[in-house]
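Engineer: below is the sequence, then the predicted model.
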Amino acid sequence: MADQHSTSHLHRPLLPTPTVVSTARFDNRNFFSSNSDVFLRLTLILSVGLISLWANHEASKGFQVQIFNDARDSPAGKRFDLFYISNDRATRILLNASTFVEHLVYAPEDHPNHKKPVHRVALRLASTSNLTADETVTNHGGKFVIRLSPSLMQGLTAGSSRINFRCKHMARVWLWDGGEESRAPSWVIEAAMECVSRMAGFGVGGSWEELPAENGGGRRRVCWGETTDARMLAGIMEHSERHSKGFIRRLNQALRSGWRDRATVEEAAGMTVEQMCESYKHSSPPNSVVDL
């Protein structure tokens, strides 16, 4: 009996039998946890990339663009919504006009701090036609509002380009006016706006640049100091820009420092007003058009 008991002890394993536990559940848990981490990282990278692209896009515009339709329920408002808001055409027009004007009135190497502060440009179709003009521009601390009269929408069709802004209103946005202490006369700014519009191909010189000649002998071109009619003065500005490239840019920089009457103009032109007039009176009218 004792021998049997000893034998049973001898046949017992020296090491305990290992317990086999399935790790499949833990492997699956680690797998899904790892995949979730990868997904979150990819999502984060994609989000950062999209934010970066959006920021670069906004920076390329340089300012915020807003379009408002205060006459939405009227026939004019419905045309504006159909032809200019639904397809983002109004935004494209503003940005294209801004690019043209900015390149005309500023040098490519100009630092942003040397440019007029423009934070936002809002295009607003007014609810009524009780405006002093079909299109007006107001500025409140770098936030500009271009108001359009609903009358501009009359007869508008899909193929119409009635609202081209002629770059004129974006010129008002970007042009300096001399500041509070030495602000340039309104007719100088309006003449520069008209000049920029013509340089873009919207509007050309005509009879408004001429006055009856002395002694009734036909008509003659007017020059600086003879009138304050902005459309007439735009003619000599356009001539000066075409024959002395950068005139508008230099005039704009001079206006930033302040208005000093004819001295400001002569500084930008690099010649006297009399020399400008002599060259202008013997020149041919331009006929070039720039497609925006």
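Structural biologist: Nice, I can see it.
Engineer: buried stuff in stretch 98-118?
Structural biologist: Of the residues in stretch 98-118, those scored as buried under the neighbour-count criterion (16 or more other C-beta atoms under 10 Å) are S98, T99, F100, V101, E102, L104, V105, Y106, K115, K116, V118. Yep, even glycine has a C-beta here, placed from its N, CA and C like the rest.
Engineer: need these in TSV (columns: pLDDT, distance to A184 and secondary structure).
Structural biologist: Rendered in TSV, the data for the buried residues of stretch 98-118 read as follows (pLDDT from 0 to 100; distance: C-beta to C-beta, whole Å; DSSP: H, G, I helix; E, B strand; the rest coil):
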residue	pLDDT	distance to A184	secondary structure
S98	93	21	helix
T99	93	24	helix
F100	92	22	helix
V101	94	17	helix
E102	94	19	helix
L104	93	18	helix
V105	94	14	helix
Y106	95	17	coil
K115	92	17	coil
K116	92	13	coil
V118	94	18	coil
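Engineer: pick the one among those residues closest to M153.
Structural biologist: Sorting the buried residues of stretch 98-118 by distance to M153 puts S98 at the head of the list, at 22.5 Å, by C-beta to C-beta.
Engineer: okay, now the closest residue to that closest one other than its chain neighbours: neighbour count?
Structural biologist: The shortest distance from S98 to any residue other than its chain neighbours is 5.0 Å, reached at M170 (C-beta to C-beta, 6 or more residues apart in numbering). Neighbours of M170 under the rule other C-beta atoms under 10 Å: 30.
Engineer: over to M153?
Structural biologist: 24.
Engineer: which residues does it contact?
Structural biologist: With contacts defined as C-beta atoms under 8 Å, 6 or more residues apart in numbering, M153 is in contact with P75, A76, G77, R79, F80, L125, R162.
Engineer: next, give phi and psi for it.
Structural biologist: Backbone torsions for M153, taken as degrees, to the nearest 10, come to phi -90, psi -10.
Engineer: picking that back up, just list what the strand or helix carrying the residue nearest to S98 packs against, helices and strands only.
Structural biologist: Assessed by DSSP states H and E, M170 sits inside helix 168-174. Applying 3 or more C-beta pairs under 8 Å, 6 or more residues apart in numbering; DSSP states H and E, one finds that helix 168-174 makes contact with helix 89-105, strand 135-140, strand 143-148, helix 186-199.
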